[in-house]
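Student: Mind looking at a prediction? Sequence and model below.
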Amino acid sequence: MTNSIDCKDILRRYLKARIPFISIRTNERNRALEIIAELNEEMSIPVYYHTISQGTRELLTNRLVNEDRSVIGGLDFAVQRISQQQNNTFVFTDVQDIEDDSMLTRQFKDIVMVAPNTGGSLIVITNASISSGLQRLGMSVTLSPPDEDEMADIIKENIEPYQSSMKIEWDANDIQVAAAILTGVSRIEAENIIATLLANGQILKEDIQQLMKAKDQIFADISGIERVQVREDYEVGGLEGLKMWLEMNEKLLTADLRESGIRPPRGVLLVGVPGCGKSLSAKAISTMWKLPLYRLDLSTIHGQYLGQSESRLKEALQTADHVAPCVLWIDEIEKGLAGATGGGDGGASTRIVGQFLYWLQESLARVFVVATANDVSKLPPELLRRGRFDELFFVDLPTPTEREEIIQIYIKKGLGMEINEELLSKLVQLSDGFAGSDLEAAVREVVKQSIVKGKDTVTEKTFIDYFHNIVPLSQTSPEQIADIRLWGRERAVPAGKQHEQNEPDSIKKSGRSVIV
Ligand SMILES: Nc1ncnc2c1ncn2[C@@H]1O[C@H](COP(=O)(O)OP(=O)(O)O)[C@@H](O)[C@H]1O
Ligand SMILES: [Mg+2]
């Protein structure tokens, strides 16, 4: 992440060095132009900028110097000036079509080749990719959305003028909280959000809540990543190993790690038997850690055109970086990556896997990824290599103790009561081979009856009958479950309590375990 200050420092060096081609990677044209204008004042060199709505103008005075609005026209003017005068800088803000070796790209290259003779420089402000042939002739710098400190300044600047004319309850601390929430949005978006609050005629403490909603709206329509509203009360039964690991890593996620040389936790991959709490755990982590939950749907990332999937994934991951800290949930990751193990889509899936893994390894943002998978045979092996996810957990069918816990959770929730020990152990016995979802479904039937026919119609027999009625997946597709278990036990750390078995075990157990 490069904030305004860092970006300005880098640009200053480039301009002093008279680098002939500079690209500023950002969505925020005006913020970038302001930085250049500040440097222009500092360095007093001639700087012009081109837009297709206004032609070419002098940056500091805004005086029109060339009427031709086309990019080609702007370039013609630039090359003319650059050949006549020393140290001219031309900024282009509306350049399209320089991704590959187009006419325009060649035109840029031609000028960039002669510019050094007179210390000329071309700057392009864009978020699109630039042909590598052109980019290699120069340097590039990224301008990220405002960071927390910059955001706090933006908020202050925008509310200060109203300090005397309306009630503003935010103190320095509230502004800092607001800034933390807004990081990830552009300056203009932040200013619009603040303006909307000011339009109420006052800014109250509770308006902070509005900020999160406003930010969600901004990111809501970005393809591939969606905010998931989570309820407060996800209760996950069992999975003690996973819970312990999470407890330890929560501290690492928020700790200041700058000096320590270790990176914040990147995430976990949960594989295992369907219906045993993988997706539920993803949601639970977000509420437990009080972090917003975003869902990345890899299957919507896939585009029709060559390269489209990659650019969509890039956008989605960038968004995740911007909304950090957050939990990024990738449900049934194997489906989105289908074909990566040798498909007929021109290698797009393989590139997607590579791109995803690269991000997983390189991103410094506090994005905690929770990926889940049912069908492990479809998982690309690279995903499982050490150092990618922090840990690979195997979520198995619940053990008797875990079943007891899950049954109690749903009876308490749905019926507001507890059942006696004897019945409980009977139900645990009856539910051998049940997944968490089967247990929930059985209790749900009882709850339904209690609502429809009255609570007093619910007897021990009611429970037993409904539990009898459930036919778990482990019974209908025993081979499938056996395969998943075999795979998971060999390669992953058990998410449940260790040394607790939920069947007489003929299958080899995992040699690995979590160290806590
Ligand atoms: N360990 C568990 N504790 C509590 N409820 C569970 C558990 N496992 C499954 N469930 C119930 O079953 C439903 C489906 O589980 P889910 O997490 O979606 O399964 P999967 O592992 O296939 O992602 C959950 O929404 C929840 O109601
Ligand atoms: Mg699931």
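Tutor: Perfect, I can see it now. Ligands and ions are numbered 1, 2, ... in the order given.
Student: Domain map for the protein?
Tutor: According to automatic domain parsing, the chain comprises the domains 4-142, 148-221, 240-395, 400-432+436-471.
Student: Which of these comes out lowest on mean pLDDT?
Tutor: Lowest mean pLDDT within the domains of the chain: domain 240-395, at a mean of 85.
Student: quick revisit: for the domains of the chain, could you give me TSV that also reports distance to ligand 1 and mean neighbour count?
Tutor: (C-beta placed from N, C-alpha, C; glycine too.) Shown next, in TSV, are those (distance: least, Cβ to the nearest ligand atom, whole Å; neighbours: other Cβ atoms under 10 Å):
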stretch	distance to ligand 1	mean neighbour count
domain 4-142	35	17
domain 148-221	23	16
domain 240-395	3	19
domain 400-432+436-471	2	16
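Student: Helices along the stretch 401-516 of the chain, start to end?
Tutor: For the stretch 401-516 of the chain, applying DSSP state H, counting those that start in this stretch gives helices covering 421-430, 436-453, 460-469, 473-476, 478-491.
Student: how about those in CSV, adding distance to residue 110?
Tutor: Formatted as CSV, those follow (distance: least, Cβ to Cβ, whole Å):
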stretch, distance to residue 110
helix 421-430, 78
helix 436-453, 64
helix 460-469, 77
helix 473-476, 65
helix 478-491, 56
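Student: Quick one, which of those gets closest to residue 172.
Tutor: Closest to residue 172 of the helices of the stretch 401-516 of the chain is helix 436-453 (Cβ to Cβ; 46.4 Å).
Student: if I read this right, residue 198 contacts residue 159, doesn't it?
Tutor: Yes - using Cβ atoms under 8 Å, residue 198 is in contact with residue 159, at 7.0 Å.
Student: Phi, psi for residue 139 please.
Tutor: phi -130, psi 160 (degrees, to the nearest 10).
Student: got a list of what it touches?
Tutor: By Cβ atoms under 8 Å, 6 or more residues apart in numbering, residue 139 lies in contact with 14, 19, 21, 22, 23.
Student: for residue 115, what are its contacts?
Tutor: 20, 21, 82, 121, 122.
Student: Would you mind listing the two of those residues that lie farthest apart?
Tutor: Maximum pairwise distance among the contacts of residue 115 (Cβ to Cβ): 12.1 Å, between 21 and 82.
Student: can you redo the contacts of residue 115 as a markdown table with distance to residue 46 and secondary structure?
Tutor: Below are these laid out as a markdown table (distance: Cβ to Cβ, whole Å; DSSP: H, G, I helix; E, B strand; the rest coil):
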| residue | distance to residue 46 | secondary structure |
| --- | --- | --- |
| 20 | 15 | coil |
| 21 | 17 | strand |
| 82 | 10 | helix |
| 121 | 11 | strand |
| 122 | 13 | strand |
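Student: Looking at the residues you listed, which is nearest residue 470?
Tutor: Taking the contacts of residue 115 together and measuring to residue 470 by Cβ to Cβ, the closest member is residue 21, at 66.8 Å.
Student: That closest one: what's its closest spatial neighbour, skipping adjacent residues?
Tutor: In space, and not counting its chain neighbours, residue 21 is closest to residue 138: 2.8 Å by Cβ to Cβ, 6 or more residues apart in numbering.
Student: That neighbour contacts residue 109, correct?
Tutor: No - under the criterion of Cβ under 8 Å, residue 138 is not in contact with residue 109, lying 10.2 Å apart.
Student: Where does residue 369 sit, in terms of helix or strand?
Tutor: Using DSSP states H and E, residue 369 sits in strand 367-373.
Student: which residues touch that strand?
Tutor: Contacts to strand 367-373, defined as Cβ under 8 Å, 6+ apart, come from residues 253, 264-271, 278-279, 281-282, 285, 289, 291, 320-321, 324-334, 360, 379, 389.
Student: Stretch 417-424 now?
Tutor: Counting by Cβ under 8 Å, 6+ apart, 404, 407, 408, 411, 412, 427, 460, 463 sit against stretch 417-424.
Student: Kindly confirm my reading that residue 264 forms part of a strand.
Tutor: No - checked against DSSP: H, G, I helix; E, B strand; the rest coil, residue 264 lies outside a strand; its state is coil.
Student: Quick check: the gap between it and residue 369.
Tutor: Shown here: residue 264 relative to residue 369, a distance of 11 Å by Cβ to Cβ, to the nearest Å.
Student: OK, contacts around residue 268?
Tutor: 242, 245, 369, 370, 371, 389, 390, 391, 392, 393.
Student: returning to that earlier point: now do the contacts for the residue nearest to residue 21.
Tutor: Applying Cβ under 8 Å, 6+ apart, the residues contacting residue 138 are 19, 20, 21, 22, 23, 112, 122.
Student: Ends of stretch 455-473, what's the gap?
Tutor: With Cα to Cα, to the nearest Å applied, stretch 455-473 spans 30 Å between its terminal residues.
Student: go on, stretch 8-22?
Tutor: 13 Å.
Student: How about residues contacting that stretch?
Tutor: Contacting residues not belonging to stretch 8-22 are listed as 2, 24, 35-36, 38-39, 42-43, 45, 87, 89, 108, 112-113, 115-116, 119-124, 134-135, 137-141 [Cβ under 8 Å, 6+ apart].
Student: out of those residues, which are inside strands?
Tutor: 24, 89, 121, 122, 123, 124, 139, 140, 141 (DSSP state E).
Student: Pull the most distant pair out of those residues.
Tutor: For the ones in strands among the contacts of stretch 8-22, and using Cβ to Cβ, no pair is farther apart than 89 and 140, which are 15.7 Å apart.
Student: how about residue 364, secondary structure?
Tutor: Three-state assignment for residue 364 (three-state DSSP): coil.
Student: In this structure it contacts residue 262, no?
Tutor: No - under the criterion of Cβ under 8 Å, residue 364 is not in contact with residue 262, lying 11.9 Å apart.
Student: any idea how far residue 411 lies from residue 418?
Tutor: According to Cβ to Cβ, residue 411 and residue 418 sit 7 Å apart.
Student: just checking, residue 270 is part of a strand?
Tutor: Yes - counting by three-state DSSP, residue 270 falls inside a strand.
Student: ok, it - contacts?
Tutor: Here residue 270 is in contact with 242, 278, 281, 282, 370, 371, 372, 373, 393, 395, 495 (Cβ under 8 Å, 6+ apart).
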